[in-house]
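Student: Predicted model, plus sequence, below.
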Amino acid sequence: MDVNGVGYRVQIPFSTYYDLPDEGGTVSLNIYTNVKEDTISLFGFRTLAEKNFFQLLISVSGIGPKMGKDILSNIQVAELGQAIVRGDLARLSAIPGIGRKTAERLVLELKDKVLKLDASRPTVEGGLPPHSPGLQDDVASALVNLGYKEAVVNKALAEMIIPPDATMETVLKQALKRLMK
(Lines give C-alpha, C1' and ligand atoms only; values in the text may rest on other atoms or scores of the structure.)
Protein backbone atom coordinates (compact mmCIF):
# COMPACT_ATOMS: atom_id res chain seq x y z
CA MET A 1 0.00 0.00 0.00
CA ASP A 2 1.24 3.49 -0.81
CA VAL A 3 0.36 6.14 1.78
CA ASN A 4 1.56 9.60 0.72
CA GLY A 5 4.62 8.15 -0.98
CA VAL A 6 5.48 5.68 1.79
CA GLY A 7 5.02 1.99 0.97
CA TYR A 8 3.57 -0.36 3.57
CA ARG A 9 3.34 -4.13 3.35
CA VAL A 10 -0.12 -5.04 4.67
CA GLN A 11 -1.24 -8.64 4.98
CA ILE A 12 -4.92 -9.12 4.19
CA PRO A 13 -7.38 -12.03 4.10
CA PHE A 14 -8.87 -13.05 0.76
CA SER A 15 -12.22 -11.52 1.75
CA THR A 16 -10.53 -8.11 1.76
CA TYR A 17 -8.42 -8.84 -1.32
CA TYR A 18 -11.49 -9.55 -3.45
CA ASP A 19 -12.97 -6.15 -2.55
CA LEU A 20 -9.88 -4.09 -3.41
CA PRO A 21 -10.14 -1.57 -6.25
CA ASP A 22 -7.90 -1.79 -9.31
CA GLU A 23 -4.24 -0.87 -8.89
CA GLY A 24 -3.86 2.85 -8.23
CA GLY A 25 -7.35 3.09 -6.72
CA THR A 26 -8.08 4.43 -3.25
CA VAL A 27 -8.65 1.97 -0.42
CA SER A 28 -9.38 2.32 3.26
CA LEU A 29 -8.46 -0.53 5.59
CA ASN A 30 -8.85 -1.18 9.30
CA ILE A 31 -5.27 -1.94 10.38
CA TYR A 32 -4.06 -4.18 13.17
CA THR A 33 -0.38 -3.70 14.07
CA ASN A 34 1.42 -6.76 15.42
CA VAL A 35 4.68 -5.92 17.19
CA LYS A 36 7.24 -8.65 17.97
CA GLU A 37 10.83 -8.42 19.15
CA ASP A 38 12.23 -8.34 15.64
CA THR A 39 9.32 -7.36 13.35
CA ILE A 40 6.31 -5.12 12.98
CA SER A 41 3.55 -6.61 10.82
CA LEU A 42 0.45 -4.86 9.54
CA PHE A 43 -2.80 -6.72 8.95
CA GLY A 44 -5.57 -4.96 7.03
CA PHE A 45 -9.30 -5.64 6.99
CA ARG A 46 -12.10 -4.26 4.84
CA THR A 47 -14.57 -4.09 7.73
CA LEU A 48 -14.28 -3.37 11.41
CA ALA A 49 -16.14 -6.64 12.08
CA GLU A 50 -13.32 -8.58 10.38
CA LYS A 51 -10.68 -6.75 12.40
CA ASN A 52 -12.56 -7.31 15.66
CA PHE A 53 -12.99 -11.00 14.90
CA PHE A 54 -9.30 -11.25 13.96
CA GLN A 55 -8.41 -9.82 17.38
CA LEU A 56 -10.67 -12.40 19.04
CA LEU A 57 -9.03 -15.20 17.06
CA ILE A 58 -5.48 -14.24 18.01
CA SER A 59 -6.50 -14.08 21.69
CA VAL A 60 -6.91 -17.88 21.55
CA SER A 61 -3.80 -19.76 22.63
CA GLY A 62 -2.08 -21.35 19.65
CA ILE A 63 -3.53 -18.94 17.08
CA GLY A 64 -1.21 -16.23 15.85
CA PRO A 65 -1.85 -13.38 13.43
CA LYS A 66 -0.96 -15.40 10.33
CA MET A 67 -3.35 -18.20 11.25
CA GLY A 68 -6.04 -15.66 12.19
CA LYS A 69 -5.70 -14.08 8.75
CA ASP A 70 -5.79 -17.51 7.11
CA ILE A 71 -8.95 -18.44 9.00
CA LEU A 72 -10.69 -15.25 7.83
CA SER A 73 -9.52 -16.01 4.28
CA ASN A 74 -11.47 -19.26 4.34
CA ILE A 75 -14.73 -18.35 6.09
CA GLN A 76 -16.93 -15.25 6.37
CA VAL A 77 -17.13 -13.59 9.80
CA ALA A 78 -20.87 -14.27 10.23
CA GLU A 79 -20.48 -17.95 9.31
CA LEU A 80 -17.46 -18.31 11.62
CA GLY A 81 -19.39 -16.71 14.47
CA GLN A 82 -22.34 -19.04 13.91
CA ALA A 83 -20.07 -22.10 13.81
CA ILE A 84 -18.42 -21.09 17.10
CA VAL A 85 -21.73 -20.37 18.85
CA ARG A 86 -23.26 -23.66 17.63
CA GLY A 87 -20.09 -25.59 18.52
CA ASP A 88 -19.92 -26.87 14.93
CA LEU A 89 -16.57 -28.65 15.17
CA ALA A 90 -16.97 -30.25 11.74
CA ARG A 91 -17.28 -26.84 10.03
CA LEU A 92 -14.41 -25.33 12.03
CA SER A 93 -12.16 -28.34 11.39
CA ALA A 94 -12.83 -27.98 7.65
CA ILE A 95 -10.89 -24.69 7.66
CA PRO A 96 -7.32 -25.35 6.44
CA GLY A 97 -4.87 -25.31 9.36
CA ILE A 98 -7.56 -25.95 11.99
CA GLY A 99 -7.63 -29.40 13.53
CA ARG A 100 -10.21 -30.81 15.92
CA LYS A 101 -8.35 -29.67 19.06
CA THR A 102 -7.96 -26.11 17.76
CA ALA A 103 -11.65 -26.10 16.78
CA GLU A 104 -12.58 -27.21 20.30
CA ARG A 105 -10.36 -24.49 21.77
CA LEU A 106 -12.00 -21.86 19.51
CA VAL A 107 -15.46 -22.88 20.73
CA LEU A 108 -14.40 -23.07 24.36
CA GLU A 109 -12.55 -19.74 24.46
CA LEU A 110 -14.66 -17.65 22.06
CA LYS A 111 -18.29 -18.74 22.39
CA ASP A 112 -19.19 -16.19 25.09
CA LYS A 113 -17.12 -13.45 23.45
CA VAL A 114 -18.79 -14.04 20.08
CA LEU A 115 -22.22 -13.87 21.69
CA LYS A 116 -21.24 -10.50 23.20
CA LEU A 117 -19.87 -9.32 19.86
CA ASP A 118 -23.07 -10.61 18.24
CA ALA A 119 -21.10 -11.55 15.13
CA SER A 120 -23.07 -14.77 14.77
CA ARG A 121 -26.29 -12.93 13.88
CA PRO A 122 -27.05 -13.51 10.19
CA THR A 123 -27.40 -10.69 7.71
CA VAL A 124 -30.98 -9.60 7.11
CA GLU A 125 -31.99 -10.18 3.48
CA GLY A 126 -31.66 -6.87 1.63
CA GLY A 127 -30.34 -5.06 4.70
CA LEU A 128 -26.97 -4.18 6.10
CA PRO A 129 -24.65 -6.78 7.54
CA PRO A 130 -24.87 -6.87 11.35
CA HIS A 131 -21.60 -5.05 11.99
CA SER A 132 -21.08 -2.94 8.92
CA PRO A 133 -18.41 -0.44 9.90
CA GLY A 134 -20.46 2.62 9.08
CA LEU A 135 -24.12 3.29 9.49
CA GLN A 136 -25.24 0.68 12.00
CA ASP A 137 -22.29 1.28 14.34
CA ASP A 138 -22.80 5.05 14.10
CA VAL A 139 -26.47 4.69 15.01
CA ALA A 140 -25.63 2.37 17.91
CA SER A 141 -23.00 4.80 19.19
CA ALA A 142 -25.40 7.73 18.96
CA LEU A 143 -28.09 5.86 20.90
CA VAL A 144 -25.65 4.78 23.61
CA ASN A 145 -24.50 8.41 23.90
CA LEU A 146 -28.15 9.40 24.37
CA GLY A 147 -28.25 7.14 27.42
CA TYR A 148 -29.67 3.86 26.11
CA LYS A 149 -28.02 0.66 27.32
CA GLU A 150 -25.83 -1.03 24.70
CA ALA A 151 -27.62 -4.38 24.98
CA VAL A 152 -31.02 -2.71 24.42
CA VAL A 153 -29.67 -0.77 21.43
CA ASN A 154 -28.13 -3.88 19.86
CA LYS A 155 -31.39 -5.81 20.30
CA ALA A 156 -33.42 -3.00 18.72
CA LEU A 157 -31.05 -2.72 15.75
CA ALA A 158 -31.05 -6.51 15.30
CA GLU A 159 -34.84 -6.48 14.96
CA MET A 160 -34.82 -3.71 12.36
CA ILE A 161 -34.69 -4.20 8.62
CA ILE A 162 -32.33 -1.51 7.36
CA PRO A 163 -32.41 -0.87 3.62
CA PRO A 164 -28.99 -0.58 1.94
CA ASP A 165 -29.67 3.03 0.88
CA ALA A 166 -30.82 4.22 4.34
CA THR A 167 -29.37 7.38 5.84
CA MET A 168 -28.19 7.76 9.41
CA GLU A 169 -31.06 10.12 10.13
CA THR A 170 -33.75 7.69 8.98
CA VAL A 171 -32.22 4.71 10.80
CA LEU A 172 -31.77 6.76 13.98
CA LYS A 173 -35.41 7.91 13.88
CA GLN A 174 -36.57 4.35 13.25
CA ALA A 175 -34.46 3.04 16.16
CA LEU A 176 -35.70 5.79 18.51
CA LYS A 177 -39.32 4.93 17.70
CA ARG A 178 -38.61 1.28 18.45
CA LEU A 179 -36.84 2.12 21.73
CA MET A 180 -39.65 4.41 22.92
CA LYS A 181 -42.25 1.63 22.75
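Tutor: Received it, and whenever you're ready, just let me know what you need. This one's a predicted model, so the numbers in the text were calculated from it and none came from an experiment.
Student: And the pLDDT at the spatially most central residue of the chain?
Tutor: Centroid-nearest residue in the chain: Ala49, 1.6 Å away (criterion: Cα atoms, centre = their mean). Looking at Ala49, its pLDDT reads 84.
Student: what helix or strand is it on?
Tutor: helix 48-58 (DSSP states H and E).
Student: And the worst-scoring helix or strand of the chain on mean pLDDT, how far out from the chain middle?
Tutor: When the helices and strands of the chain are scored by mean pLDDT, DSSP states H and E, strand 2-3 comes last with a mean of 77. Here the centre of strand 2-3 is set off from its chain's centre by 24 Å, with Cα atoms, centre = their mean, to the nearest Å.
Student: Parallel or antiparallel, which strands does that strand pair with?
Tutor: Sheet pairing of strand 2-3 (DSSP bridges) gives strand 6-7 (antiparallel).
Student: Just the buried residues of stretch 99-116, please?
Tutor: Across stretch 99-116, burial judged by 16 or more other Cβ atoms under 10 Å covers Thr102, Ala103, Arg105, Leu106, Val107, Glu109, Leu110, Lys111, Lys113, Val114. All C-beta atoms are positioned from the backbone trio N, CA, C, and that covers glycine.
Student: for stretch 7-23, same thing?
Tutor: Buried-residue list, stretch 7-23, by 16+ other Cβ under 10 Å: Val10, Ile12, Pro13, Ser15, Thr16.
Student: Widest-spaced pair of those residues?
Tutor: Val10 and Ser15 (14.1 Å; Cβ to Cβ).
Student: other SSEs contacting the longest helix along the chain?
Tutor: Looking across the chain with DSSP state H, the single longest helix is helix 100-117. Applying 3 or more Cβ pairs under 8 Å, 6 or more residues apart in numbering; DSSP states H and E, one finds that helix 100-117 makes contact with helix 48-58, helix 77-86, helix 89-93.
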